[in-house]
Structures are given as C-alpha cells and as structure tokens.
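Student: attaching a predicted model along with its sequence, questions to come.
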Amino acid sequence: MTRATRPAPSPHRAAGPSRRKQREPRAHWVLLLLTLAVAATALLFGGYGRHEIAATEPPSGACEKAPANLFTGGPVISMDPKTGGVSASRIPAGQVALTYDGGPDPAWTPRLLDVLKKRHAKATFFLTGTDAAAHPDLVRRIRDEGHQIGSHTYSDANLAGLSAPRTGLELALTQNVLAGSAGVGTHLLRLPHTSTTAKLCDDQWQAARDAIVDGYVVVAADGPGRGLKDGAVRQFAGSVAAVRDTERIFASPLGHVRFTTVGEGLGLSGATYPVSTFAEVRGTAVVWAQAASRAFVGAMTWLMVAAGVITVARLVLLLTIARVHVRRVRKERRRGRRPPPVTEPVTVIVPAYNEEAGIEATLRSLLASTHTYVQIIVVDDGSSDRTFEIAESVHAWDPRVMVVRQENAGKAAALNTGLSWAQFDLVVMIDGDTVFEPDAIARLIQPFADPRVGAVSGNTKVGNRHGVLGRWQHLEYVIGFNLDRRMFDVLECMPTVPGAIGAFRREALAGVGGVSEDTLAEDTDLTMALCRAGWRVVYEESAIAWTEVPASVQQLWKQRYRWCYGTLQAMWKHRRAPVEGGQAGKFGRRGLMYLLVFQTLLPLLAPLVDVFALYGLLFQDAGQAGAVWLGFTAVQVFGAVYALRLDKERFEPLWTLPLQIFVYRQLMYLVVVHSVWTALLGSRLRWQRMQRTGTATETLDRQPA
C-alpha cells in the first residue's frame, strides 16, 4: 500500500488552532466564589441563630453572687435619670405583670394569646430574635393585641462573659428583627438563663449593668413566694406548660388583681416604641436574610440527602448491571452460542497531530496485531514536529502503513480524511498515542457478528499510572468509565465510543454523514448519532488498549475541559432524542438523562454540597458527619474493589481513593462549572491538545515478561 499526500479540507471553524485565539470567560469564577460566599454566609447566619456557632452555656449552679443590696427595690432595674445610678422598681400592689420568655412559637404562642384575650389580660413577651424572624406574623399579633414586647437576645445567649461586640450583635439583631417584623423597638430586656435578682451571678450583673448603660430596662422576676395581690413580675418559660400555668392562675381566686405589662405597671413611657422607616426596612432585610438562610439550610439538607441517595443508588445500579453484563458474557462463552468469528480485514485510522513521542509505539502495536489483515492509515494533521517523518519511516519497512498529510483541520476532519482512504467495511479509530494489545483488534470487532451492531467500544487502560495523579485517573477509568460502559451496554444507550479505541461499520458511518465537525467531542457526537440512527453500540471488555493520560494538573484541566464542553455540545445537538421512538428514544431517555444528572447537574451543585458538608463537620455533629463520610467512602471502596476485580487490576491504587474524593473530584466539578459557563455564553472553544510524553506503555514495560 502506498503513501499518499492529499490537500487538506478547509479548516473547521471550531477545531483548528490556527483560529484567532479568543479570550476565555473568567467572570464565572467570580460568580462561583460569590455564590459559595453567599452560601457560607447563609449557613453561618442560620447556624448562629441555631446555637451551632459560638454557642454559649447556661450559668452553672455555683457562682459568685452579685451584691444583694443592689436589688432590694424590686426586680425591674433601670438607670435613674436623676442620679445617673442604677435603681430598682417593683410592680405596684394589686397588679401583676405576666412575662413569657422565648418564642414566638406556633405551638404555644397562639394558644397563650387566646387565653389572655379571653381574660382581657395583657402580658409582656420577651422574644428571641431568631424565633421572631421565623414567625413575624405572631410578633405582629402580639403587638396588635396590646401586649408588650421585650428582648430575650437574638439566640437566647447567656450574655455573662460575652465580649462587648458579641453582646452588641445579640441585642442589635433582635432590635432589627422586631423592627422588621412588627415595626417596633423595645427598651425591655430579660437576660437569658436568669430568674430573680437574688440569684444573679456577678458576671450576669455585669452584663445587666452594661445593658442598662446602653438604655435598656432589665426585667427579672419576683420569687415564687410572692402572692399575686402584692404586685409581682411572674416569669414563665415559653412552652405549652406556660399555657396551662396561665390558665390555672386565671382559674384561681384573684380578687381585684389587674394583669398588666411591665411598662404600664411601672409607668414607663416608650418601653416599646415605633421605629423609623429606615429602621423598619433594615429590619425587614434581616428578617428576609434569616428566612433565606433557613430555606437554604433546609434545601441543602434535602439536597445532601438526595445527592447521597442518588449517588449510592447509582453505584448499586452500576455494580448490579456490571454483574449482569459479566454473567451474560460468560454465559455466552460457556454455551458456545457465539456466532462464527469475524475475520474480515480492518482499516485502522490514526489521526495524528504532534504525536512524535508515541506514534511509533502506536504503529508497532498495530502491526503486531494477531488479526488477519490490518490496513493502517495515519493522517498527519499538519504536525509541526517529526510525526510525519516517523510515520513515513514505519511505512518504509511495512507497506500496510499508509501516511496521509494535510493542513491542520482538527481531529474530526482528519478522521474523515482517513475514511476517504479506507478500503474495508470495518473501521477502527484510535488516538495517536494509543498502544494496542496484540489481540485487541480481533476481539474488538467480534460483536459485529450481530448485524444490529454499528459500533463497539473497547477497554481503555491508563498506561502512565505512576504518581498520585496517574493513579486517580486509572481509578477513574476503571471505576467510572468502564463500569458506565457495562451499564450502557446492557441498557442499550451507549453515549460515547472513546477516541482511544473504537470500531465502526463503514455503512453506519456513511449513514450519519461520517464524523461530524460540529463539536469538540467528535467521538461522543458520532456515537450519539449512531444510536439515534438505530444502531446498537456495545462494549467489548476484552479489547484492551493503553493510553497516556495527562501528567500535570494543567494538562488534565485542558483535556477534561475539552471533553466536558464537547459533551455538552453533543448533548445539546441531540437534545430531541428523549422524545423520539425506538432506539433513539431509548438512548435519549436513558443515556442522555444519565449524562444530564450525573455529569452536569450534580457536579454543578457539588461545590454547594461540599460547603454544607464542611459546615456540618465544623459546627454540627462532627461524629455524625465523620460517620457519613466513612460510610460513603466505604461504599466507594467496595465499588472500586469490584471494578478493579472485573478489570483484573491490582488493588494497590485504592489507598489514593479517599484523597481522590477531596481533591480530584473537586477539580472535575470545577471543570464542569467552567464548561457550562462557556456553553451558556455561546463561546467557541478551540482545540486543546495534551502534550504527549510517550508513556502509554509505561505499565506494560514494568510488568514481568
């Protein structure tokens, strides 16, 4: 067979590197960081209100008491405007101030308000900021029914011993929430975890004094021994029990006791006051922010659960169907029902662009094939290195190799050029760095005994699997790609025959117009087109080829960016498949939906899930979070062990799997984010080629002879 040189077709508008280089979008990284920052802020804000962040402990039973003589005047402590000192007051005899701590809460607050309304009684509600923001309608009802509102801090925090900024934050957030939910502010404050003034610890008194200096009226309670007729401040912890206790008070003989608010009983004007429009708007923003944080936390919780369930279900599905695939293959072999072997001659097309590092090893492996006859067509796509000269030298000693040279036009154009020179009906397409096992071609074409089969995917293995990055990609190929292909084979929805090793009927290729140059993932685009045309695409695990994977993070990013972007292009191009009938609909509803969920949507949401998981590890139950992670890792390891066993691979790389979850997987998620952003902007991505080092046979070279 002779070597030939033919003029190149016109370079494709999206493939050739000779195009003017376009600036790739960068704003999406700012958007991603901003989204993650907002998510983290929402988690922190919500966690602060739920006592998950900077939680405070209630005071212990033993403490240094505050000076008792400071509070002999009563349980209500305020600044004396005449002396500038602290003064204590008591509710006048014949009146009782009912006070309720915490809430509002939809379980007990409405019931309590109904009881008070029935008795025409007024009370003072010391509300917690987080609860008030969660139930602003109840805050407004308390206000509208004439009750008084006080502050119980934002997160029910024990102010004793807190820093001044933290104390200020607790009080300010509560004021903002009251302003946003009911348009009011308050001067009344009850310190959480306190009751009577006689039981105040010294550090609690210090917190009370600081609040009084800031203009608050600190309200404690009278001891349980004081009767209702003598004038008292009665304290109830907000709960259903407080409703029952209030009902008992009203049911007991009360004489002429009048139930009033703290402010009215002491004649404090403006204890609760209307706020300015600006303060109300600012408070509304705080209420909305808390509502948004609650909704976000709720959504993320469900998303975490859903993602976990879907991920585990996917792995179970993969392993189950992989077992079905293995049993089916073994059953056919045992029963001897396989049709006569396919021995037709094969054309192998090798598109090559700057492949001098590996092209000779690739051609030698093809020439060593045990198949009856192989025509090898090397299409040099305008290489600027010695690819053409090396291929020519191989042709010089074996005429089965044919070298075609063209100007650079991209891989798809090179494959179509090779097709135009192909002599046989079975065509194998490979990459310029792929090294075949001697029996790979013979095994790869056996499924063509079934006339329904239009394409066959081989088993691609990583050659240069040294180092952590190489091991990660090796695990990805074995656990991800090959398990997926087994499933796609059984479900008849194969989306990709890899460019490294794939076989095709020439008739099928002609029926879809050859290799399309519309996308950067020409292998995926072609496979999808064949599925939609009604051809079956299967996986042949025994046809093994070795490929070189990127050895640096930068090269890996470029490769996966192109793959992901090209896959998105192909998915969009074949988006109508799910609504079609026959084989096309089967592929669309199974294969395309699988790609959409597991290769697009979940990776896009993964950064948010990771932020939520990190938050849970740091601020929630670390033991539970650790147990979940260990369980997830165990499931992954089990799947990896099974996949490695199916592919007859060693288990040694498994030690890198836990680290892969934290590092490699995040990198792949970011690739998806980058690709989706590029696609949404309608940018055209130029061809990204990996720098070859000729290490595809590294693993083979290290194996014992």
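Tutor: Cool, got the structure.

Student: now do the helices in the stretch 151-300 of the chain.
Tutor: 164-182, 202-213, 240-251, 262-266, 277-335 (DSSP state H, counting those that start in this stretch).

Student: so for stretch 220-233, mean pLDDT?
Tutor: Averaged across stretch 220-233, the pLDDT comes to 66.

Student: coming back round to it: give me whichever of the helices of the stretch 151-300 of the chain is most buried.
Tutor: helix 262-266 (a mean of 23; mean count of other CB atoms under 10 Å). Where you see a C-beta, it was placed from the backbone N, CA and C, and this is true even at glycine.

Student: give me the contact list for it.
Tutor: Applying CB atoms under 8 Å, 6 or more residues apart in numbering, the contact partners of helix 262-266 are 76, 89, 91-92, 95, 97, 99, 122, 124, 148, 150, 188, 217, 219, 231, 233, 268-269, 271-272.

Student: if we can go back for a sec, now render the helices of the stretch 151-300 of the chain as a markdown table, adding distance to Lys82 and mean pLDDT.
Tutor: Below are the helices of the stretch 151-300 of the chain laid out as a markdown table (distance: least, CB to CB, whole Å; pLDDT from 0 to 100):
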| stretch | distance to Lys82 | mean pLDDT |
| --- | --- | --- |
| helix 164-182 | 26 | 93 |
| helix 202-213 | 15 | 86 |
| helix 240-251 | 36 | 87 |
| helix 262-266 | 16 | 89 |
| helix 277-335 | 29 | 85 |
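
Student: can you redo those helices as TSV with distance to Arg650?
Tutor: As requested, these are exported to TSV (distance: least, CB to CB, whole Å):
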stretch	distance to Arg650
helix 164-182	55
helix 202-213	63
helix 240-251	63
helix 262-266	76
helix 277-335	19
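
Student: the contacts of helix 262-266 in strands, which ones?
Tutor: 76, 89, 95, 97, 99, 124, 148, 150, 188, 217, 219, 233, 272 (DSSP state E).

Student: about what we covered before: which among the contacts of helix 262-266 count as buried?
Tutor: Taking 16 or more other CB atoms under 10 Å as the criterion, what is buried in these is 76, 89, 91, 95, 97, 99, 122, 124, 148, 150, 188, 217, 219, 231, 233, 268, 271-272.

Student: out of the ones in strands among the contacts of helix 262-266, which is nearest to Met300?
Tutor: Gly150 (33.6 Å; CB to CB).

Student: quick check, pLDDT for the closest one.
Tutor: 95.

Student: who does the closest residue to it other than its chain neighbours form a beta bridge with?
Tutor: Excluding its sequence neighbours, the residue lying closest to Gly150 (CB to CB, 6 or more residues apart in numbering) is Leu188, at 3.3 Å. Beta bridges link Leu188 to Val217, judged by DSSP bridges.

Student: ok, Leu188 - contacts?
Tutor: 124, 126, 148-151, 216-217, 219, 262-263, 271-272 are the contacts of Leu188 under CB under 8 Å, 6+ apart.

Student: for the spatially most central residue of the chain, which non-adjacent residue is spatially closest?
Tutor: With distances taken as CA atoms, centre = their mean, the residue of the chain nearest its centroid is Ala606 (1.5 Å). Excluding its sequence neighbours, the residue lying closest to Ala606 (CB to CB, 6+ apart) is Tyr669, at 4.3 Å.

Student: how many residues are close by the one you found?
Tutor: 18 (other CB atoms under 10 Å).

Student: how much space between it and Leu608?
Tutor: Per CB to CB, to the nearest Å, Tyr669 is found 10 Å from Leu608.

Student: ditto for Gly631
Tutor: Taking CB to CB as the measure, Gly631 falls 21 Å from Leu608.

Student: same check on Gly511?
Tutor: 43 Å.

Student: how about Ala182?
Tutor: 33 Å.

Student: what does Phe632 give?
Tutor: From Phe632 to Leu608 the distance is 17 Å (CB to CB).

Student: which one's more surrounded, the two?
Tutor: Ranked by neighbour count (other CB under 10 Å), Phe632 and Leu608 place Leu608 first, with 21 against 16.

Student: for that one, what are its contacts?
Tutor: With CB under 8 Å, 6+ apart, Leu608 has these contacts: Thr35, Leu36, Ala39, Met300, Leu303.

Student: surely the residue nearest to Ala606 forms part of a strand?
Tutor: No. Counting by DSSP: H, G, I helix; E, B strand; the rest coil, one finds Tyr669 to be helix, located in no strand.

Student: make sure it is actually in contact with Leu601.
Tutor: No. Using CB atoms under 8 Å, Tyr669 makes no contact with Leu601, being 11.5 Å away.

Student: circling back to that earlier point, could the contacts of Leu188 go into a markdown table alongside distance to Val663?
Tutor: A markdown table is the format used below for these (distance: CB to CB, whole Å):
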| residue | distance to Val663 |
| --- | --- |
| Thr124 | 56 |
| Phe126 | 49 |
| Gln148 | 57 |
| Ile149 | 51 |
| Gly150 | 51 |
| Ser151 | 47 |
| Tyr216 | 51 |
| Val217 | 56 |
| Val219 | 55 |
| Val262 | 58 |
| Gly263 | 60 |
| Ala271 | 58 |
| Thr272 | 55 |
